[in-house]
Structures are given as C-alpha cells and as structure tokens.
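Novice: 3D model of this:
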Amino acid sequence: MPWYFLVTDGAHTAGYGVATGASSMASWQVDPKGVTLCLDTRSGGRGVQLGSRRLNAATILHRPPVEGESPFPAAQAFCRSLCPKPRLPGEPVVGHNDWYWLYGKNSEPLILDATARFLDLYPSASPVRPWSVIDDGWQTGWAADFNGGPWDGGNERFPGMAGLASKIKALGARPGIWMRPLLTRKDVPESWRIGRPSSPGDGPIAPLDPSLPEVLDLVRTDIARLRDWGYELIKHDFSTFDVTGRWGPEMMASGMGFAPDGWHFADPTRTTAEILVAFYRAIREAAGDATLVMGCNTVGHLAAGLIEIQRTGDDTSASDWDRTRRMGVNTLAFRAPHQDAFYAVDADCVPVSPLIPWRQTSAWLTLVARSGTPLFLSLDPAAVGPEQKEAIRTALAYAAHPAPTAVPLDWLESPMPSRWKVSGSPIEETLSLDFRPSACF
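Specialist: Below you'll find the predicted structure:
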C-alpha cells in the first residue's frame, strides 16, 4: 500500500503513513503478524551512495481513531496532516481540454473553435475565468508515433504559440498547455539520456536523466518559455514512466517495484525520491508563482506542495466507457481525500463523445461537476446536441462555484462507488448514479 493506509471498523478509523515530500519511496504491508513499512532508498535500481551523508528517509505519522468519525472524513483529516504546506489553485478549476476530441490531431483553428464552443456554454456571470488547455500535438517534435519535444515552438499546425495564447485570452478563457519535459529530439549529449533498461513503451530515443543539472537547466528553460508565451497553466506529463519505464499497475505487481533493478541515475548519491522532488521543484520555480502547475503521471506524494493540480488517475476514454469507470470514477472516489489537502484532484476529463452513450457520460459529468474537484471537458461537436448543451451548462454552473468535496458513500463496498453525498448549496443531497457498462455478459 503506497505511502499511507487506513484501518476502520466503520465507527473508528486510524491512519498510518509518511509525510509528503519524503526522500524514499514508501509502502506498507499489513498481515496478521503486524504492520511493515518498506522504504526504497535506491537511486534508480541500485543502492544510493550516500557517502558520509545522513538520509532522512521519511517522517512517519499516525492518526488515532476519533470516536464516531466515519472513514471518509478521517481520511481527509489524515491527508491534511501528511501535507503541512499544500499549494492550491485558490478558485475552482473549470475548462476545456482538446485531447479526447482530437487525440493529438489538433491545430490552432481547432483549438480556437473548441474554446469558443466551450465559452458559449459557460456561465457568463461566473467570476471564475475558465481554462482552455492545449494538449499534445502542438510541439515542434510531434509525430503520430512520438509525443516528445523539442518544446521551443509549434509545428506547421501551430504557427505561433505566443499568439495563440493571446487569442485564447481574447476569447475570454485562460490558456493552458501540455508538455512532456523529459522526452525530446533536441540534439543533446548522449550522456544526458537516462541509463535505465529499455521498456516496451519507450520510443526511438531514451528520455533525459533528471539527476543531471544540465537536464534540469533545459527543463527550466522549456517551462519558462511556455510561461513567457503567456500560458497560465502548465501540465507536465509522463515523467514517472520516463524515469522508471513502468506504469502504476506494473509497479504494484508482485516483486516488480517502482523501478527495474541493476541501474542508477547519473548522480547515484541521491535517492530516486530526492531526484524526483528536485525535478518537480525545478518546474515549480521556472513556472513562477503566477502560473498553475499540473502534474500528470507524477508521484503525487512527492509533488504535493509543488503543484496546484494533480491528475490522480490514468486516462479516461472517448471510446471505452469501462476505462472511464475504472480510471475516472475509481480515482475520484479513492483520491478525493487529497482534495485541498495535497492539491486539487483532477480525476481526468469528461469526454463528450458520439462513441459513449449519453446516459453514461451524463452520470460522469454530473459527478465531477458536483464533486468540488476540477472539471475539464473534451467536447466533440458531433456529440453535443440540445440535450447535451443544457446538461453541460448546468454542470458548469455547479463546477464554477466552490463546493465541499463529494463523499463516496459506498466506497468500502465498491471500487466504482455509485452513491455520493454532494453539496453545492445549503442543501446536501445524495446522488445515485448508474456507472454500469453498456452491456454485461
């Protein structure tokens, strides 16, 4: 169980964990003989070479039960104790992201069209300006089989990235942008590339090694450039995979661990956790205090305090509803205690797509809009008719106002809870939502 765990009998809930920003990768095991904490202090896949340095590997915290406290508020309180200084957006985060409409085949005209269509549905009286986030596909190095950089300009579909940011602002939205900081075709010394074993998910070139000062300088330059172009939200992605060559389910598989054995970073004197925290801090500093930083495929327990928003799950889908159930509904329920404790919890977009029945999309839209967490939509115009427009307007009106975090009432019985207590007004209500697949056999 990574980072922390809870124990409950329904009326009493205790929490055990390590504070955010640790210098090791922490996980827990519980069995009839007791509780075991494992601290991975390796540098990559080999033991760290500390020399005479003393490593403060982790700070362990325990929250005893409070009489009569139910598990969800206990989880929220425990998460607040794990992160003493979170960075938070300061207002609701609502916007559009083009990914689940275009999947990388985007362009400046399509981004402006999507922004205008979204703003037409957004409540004009809201004091919160919504976001238009440009996802993968804009960068110089983009290809159908490669989503890395360079990040120094747009491609032929994006003739001017600073100008596009200005056009998005002129329409009435705040511009945001996606990037993958550790993968680039930029001509850099081969020694800058990471030395881990290759992975089936790798592309034609190896990612960069974030333990190197030269790599962090390049990352800072790229992030600062996006900021200077006028992008007020920077979403950085893929860094955990680029460092480890593994996705989360592989890390959780028995015996596999966070990273492969037998390799180390160019700097073997720091742990993987320390190197990741320094990498996140470099992005934070380059982005500046006025820019929101959103982590995607980042280690949330290490990035907390250095980002305002965290994509807490894997991708939802514009074509596979079961994936949205498993990756969206599940992560919203079980990461919701992180909301306003570590960061703002982004359970990923609500794709409005002709390939997903509206009954299911409507349920996911209603939940995220009422959850008190960020809401990003991906709107395929082929799927947005009068019924959808009315529902989207209603959802955006809820999402644009601060609200308490929704409580999954059946999270101890279901990995995809369908009963949620929500409050966007003085009146609390329970949503009963149907997240079943289209067909069950």
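
Novice: list the contacts for residue 369?
Specialist: Residue 369 makes contact with 375, 394-396, 398-399, according to CB atoms under 8 Å, 6 or more residues apart in numbering. Where you see a C-beta, it was placed from the backbone N, CA and C, and this is true even at glycine.

Novice: please redo it, this time with the cut-off set to 6 Å
Specialist: Residues near residue 369 by CB atoms under 6 Å, 6 or more residues apart in numbering: 375, 395, 398-399.

Novice: Widest-spaced pair of these?
Specialist: Comparing every pair within the contacts of residue 369 by CB to CB identifies 375 and 398 as the most remote, at 8.5 Å.

Novice: out of those two, which sits in the busier spot?
Specialist: A side-by-side neighbour count of residue 375 and residue 398, using other CB atoms under 10 Å, places residue 375 first with 26 against 21.

Novice: Who does that one form a beta bridge with?
Specialist: In this structure, residue 375 bridges to residue 94 when assessed by DSSP bridges.

Novice: Quick one: end-to-end distance for stretch 187-202.
Specialist: Stretch 187-202 has an end-to-end distance of 18 Å (CA to CA, to the nearest Å).

Novice: I meant to write stretch 172-190 there.
Specialist: The first and last residues of stretch 172-190 sit 44 Å apart, counting by CA to CA.

Novice: Wait, residue 347 touches residue 329, no?
Specialist: No: between residue 347 and residue 329 there is no contact under CB atoms under 6 Å: 7.8 Å.

Novice: quick revisit: and the contacts of residue 369, which of them are in helices?
Specialist: Under the assignment DSSP state H, the contacts of residue 369 contribute 395, 398-399 to helices.

Novice: Present the residues you listed as TSV; the columns should include distance to residue 232 and pLDDT.
Specialist: Output for these, formatted as TSV (distance: CB to CB, whole Å; pLDDT from 0 to 100):
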residue	distance to residue 232	pLDDT
395	23	97
398	23	95
399	18	97
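
Novice: How about the lowest-mean-pLDDT helix or strand in the chain, which residues are buried there?
Specialist: Here the helix or strand of the chain ranked lowest by mean pLDDT, DSSP states H and E is helix 248-252, holding a mean of 83. Neighbour counts over helix 248-252 (16 or more other CB atoms under 10 Å) mark 250-251 as buried.

Novice: For the stretch 201-350 of the chain, which segments count as helices?
Specialist: Listed in chain order, the helices of the stretch 201-350 of the chain (DSSP state H, counting those that start in this stretch) span 213-229, 239-244, 248-252, 272-287, 300-303, 321-324, 330-335.

Novice: Show the average pLDDT along the fifth one.
Specialist: Same thing as helix 300-303. Taken as a whole, helix 300-303 has a mean pLDDT of 98.

Novice: Pull out the C-alpha coordinates of it and format them as CSV.
Specialist: Output of helix 300-303 as CSV, limited to C-alpha atoms (Å, rounded to 0.1, in the frame of the first residue of the first chain):
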residue,chain,number,x,y,z
GLY,A,300,1.6,12.8,-6.1
HIS,A,301,3.0,12.2,-2.6
LEU,A,302,6.3,13.7,-3.8
ALA,A,303,4.8,16.5,-5.9
